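*Asks:* Starting from these lines, generate the structure:
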Amino acid sequence: MTTTNPTNRKRLARALADASGIGYQKALSIVVEASAEGLLPGRLDEDGRHLALEALLSRNPAKPLRTKNAAHYPKAEPRAAREAGRQNEGQ
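*Replies:* Here you go, the predicted structure:
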């Protein structure tokens, strides 16, 4: 079954772009191709998008990055805090 709802495909593409570090347009083309090939779940609700994202990431691995939307990705320490920590180490 192909997913035809453009909003769901856009949401999935944004999540893929955030998680993989690729551009949104490239992510959208990957999602559209996967949809055309029938590789995405029939429903792209929240659970379906999560399953689809995992499948797309395993199929198209890139450098994984943390995303704005995924709480399970570790958060990077802000640059200012890292620099302040380095300055405190030197004292």
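
*Asks:* So which bits of the one helix or strand V32 maps to are buried?
*Replies:* Using DSSP states H and E, V32 sits in helix 24-36. Neighbour-count burial for helix 24-36, counted by 16 or more other Cβ atoms under 10 Å, picks out 27-28, 30-32, 34-35. In short, each C-beta sits where N, CA and C put it, glycine included.

*Asks:* and the next element down the chain from it?
*Replies:* Criterion used, DSSP H and E; the element after helix 24-36 is helix 46-59.

*Asks:* That next one to helix 24-36, inter-axis angle?
*Replies:* 100 degrees (axes from the mean of the first three to the mean of the last three Cα atoms, to 10 degrees).

*Asks:* what's in contact with helix 46-59?
*Replies:* 8, 11-12, 15-16, 19-20, 30-31, 34, 39-42, 44, 64 (Cβ atoms under 8 Å, 6 or more residues apart in numbering).

*Asks:* Separate out the buried members of these.
*Replies:* Buried members of the contacts of helix 46-59, scored by 16+ other Cβ under 10 Å, are 8, 11-12, 15-16, 19-20, 30-31, 34, 40, 44.

*Asks:* Show me where the protein dips below the pLDDT cut-off.
*Replies:* Applying pLDDT under 70 to the chain picks out residues 1-4, 60-83, 85-91.

*Asks:* what about 90?
*Replies:* Within the chain, the ranges that satisfy pLDDT under 90 run 1-9, 20-21, 35-48, 58-91.

*Asks:* Which strands or helices does the helix holding V32 pack on?
*Replies:* Helix 24-36 sits against helix 6-20, helix 46-59, with contacts defined as 3 or more Cβ pairs under 8 Å, 6 or more residues apart in numbering; DSSP states H and E.

*Asks:* between those helices, which gets nearest to A84?
*Replies:* Judged by Cβ to Cβ, the one of the helices and strands packed on helix 24-36 that comes nearest to A84 is helix 6-20, at 27.3 Å.
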